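J.: predicted model, plus sequence, below.
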Amino acid sequence: MRILIIGGSGFVSGTLARVALNAGHDVSVVTRGIKPLLSGVDPLVADRMDRDQFARIIEDSKLEWDIVVDCIGYVPEDAHQDMEVFRNRTRQLIFISTDFVFDPAHRKFPQPVESDFYADSGYGGNKRLCEIELAYGNLGDTEFTVFRPCHIYGPGSELGCLPNHARDPELISKLQNAVPISLVGGGHFLQQPIYAEDLANLILSAMGNKSAYRRIFNTAGPDVIESRTYYKIIADVLGVEVTFQECPVDECLTANPELAPFLTHRIYDLGELSESGLRVPSMSIMDGLRMHTESILARHK
C-alpha cells in the first residue's frame, strides 16, 4: 500500500512510519524537515501551517495514496485542509483525535463513542471540531476513519500518565532516588494506556476496511489500571520502591483548570474495534511499560 503520514518524525507518526515500513508499505511523510526521518521514507517537505505551501507540495508530487494519516491535526482548519487537499487523492483519510474530546464531568464508564457532552474548548474541544469537519464536510469519494486514543506510551516518548508526573523526563531518576511521586487524587483514576505500536497496527488494519469507513472509534489498551499502578510497574522494572503523595483534585483544578481531562476515569469497551475487523490492541501494560522503561535506560547509557 502507498501511505502518506502527515508528521512522520514525532512519537506517534514516527512509530507508525516504522511499523508501516516493516510491513512492506511504501511510506511518504509530510515534514518540516527539522527532525531526522527513518531511512526508507519519502519526505515531502512542507509546513502544514503554511496552507498554500502544503497544498502546492502535495499537488506537485503528482502522487495518490491508499491512505493518508493525519497525526498532527489539532484545529478544525487542519481537518478542513485535509479535505481540500486530499479529496479524491486518497481512498481513505485517517485522523488521529483524542479521548479528551469528552467532557470530563459527564463521562460514562465505559465511555461509548457517542456522547451528549463533549469538550467545548482547549485541546479536546478543537479535536472534536476536527471530527465534526470530517463528518459533515465534502470529502468527495474519499472515506474517513477517526481514532481517539487515550494515553499513548512506548519507546520514543517520555514516561508518565498523570499530573504531576505526566511525560516527566526525570521520572526514572526520581524513582531511583526515592523521590515521592505526587499524583493528583493519589493516582486512583482508572485508565487504559495504549502502546504506540498497537495504535500503529490498528491504524494500518483500517486500510480499505469498509466497516471502518465514516466511523469514529475510541481507542485504548487491553488493561484497565489505576494510574498509580502505571508508576508501580515502572518502579518494579527499575527494582526500586515507590512512595506516593496525594495532590488534592480541587487544589489542582483551581490552579490548572486545563488539566480536567486527565482527572477522570478513562475506560473504554474495545468491542467495536473487534466487531469491525480491526486489530484490537493487545500489548499488556506490564510488558509495554517494561519495554518503554528499558528503552529510556538504554538511551541514557
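T.: All right, it came through fine.

J.: what about the helices in this structure?
T.: 11-22, 51-61, 76-86, 122-136, 171-176, 196-205, 227-238, 249-255, 271-275, 285-299 (DSSP state H).

J.: got the angle for the first one vs helix 196-205?
T.: Here the directions of helix 11-22 and helix 196-205 differ by 60 degrees (axes from the mean of the first three to the mean of the last three Cα atoms, to 10 degrees).

J.: start the count at 43, not 1, going forward
T.: Sounds good: first residue 43 from here, last item helix 53-64.

J.: one step back: now the helices of the chain in JSON lines, with mean neighbour count, distance to residue 224 and mean pLDDT?
T.: (Glycine included, C-beta is placed from N, CA and C.) Shown next, in JSON lines, are the helices of the chain (neighbours: other Cβ atoms under 10 Å; distance: least, Cβ to Cβ, whole Å; pLDDT from 0 to 100):
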{"stretch": "helix 53-64", "mean neighbour count": "21", "distance to residue 224": "25", "mean pLDDT": "97"}
{"stretch": "helix 93-103", "mean neighbour count": "14", "distance to residue 224": "42", "mean pLDDT": "96"}
{"stretch": "helix 118-128", "mean neighbour count": "20", "distance to residue 224": "35", "mean pLDDT": "97"}
{"stretch": "helix 164-178", "mean neighbour count": "19", "distance to residue 224": "23", "mean pLDDT": "98"}
{"stretch": "helix 213-218", "mean neighbour count": "17", "distance to residue 224": "10", "mean pLDDT": "98"}
{"stretch": "helix 238-247", "mean neighbour count": "22", "distance to residue 224": "26", "mean pLDDT": "98"}
{"stretch": "helix 269-280", "mean neighbour count": "20", "distance to residue 224": "11", "mean pLDDT": "98"}
{"stretch": "helix 291-297", "mean neighbour count": "13", "distance to residue 224": "10", "mean pLDDT": "97"}
{"stretch": "helix 313-317", "mean neighbour count": "14", "distance to residue 224": "34", "mean pLDDT": "97"}
{"stretch": "helix 327-341", "mean neighbour count": "16", "distance to residue 224": "20", "mean pLDDT": "97"}
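
J.: how about the nearest residue to residue 58 once chain neighbours are set aside, what does it touch?
T.: In space, and not counting its chain neighbours, residue 58 is closest to residue 242: 4.4 Å by Cβ to Cβ, 6 or more residues apart in numbering. Residues near residue 242 by Cβ atoms under 8 Å, 6 or more residues apart in numbering: 54, 57-58, 60-62.

J.: and residue 72, how far is that from residue 43?
T.: 17 Å (Cβ to Cβ, to the nearest Å).

J.: higher neighbour count, these two?
T.: Between residue 72 and residue 43, counted using other Cβ atoms under 10 Å, the more crowded position is residue 72 (25 against 15).

J.: touching, that one and residue 86? I think so.
T.: Yes - using Cβ atoms under 8 Å, residue 72 is in contact with residue 86, at 5.0 Å.

J.: quickly list what's touching both of those two.
T.: 46, 99-100.

J.: of all these, which comes closest to residue 313?
T.: residue 46 (30.3 Å; Cβ to Cβ).

J.: hmm, residue 109 and that closest one touching each other?
T.: Yes - counting by Cβ under 8 Å, residue 46 does reach residue 109; the two are 7.5 Å apart.

J.: okay, and the common contacts of these two?
T.: In contact with both residue 46 and residue 109: residue 132, using Cβ under 8 Å, 6+ apart.
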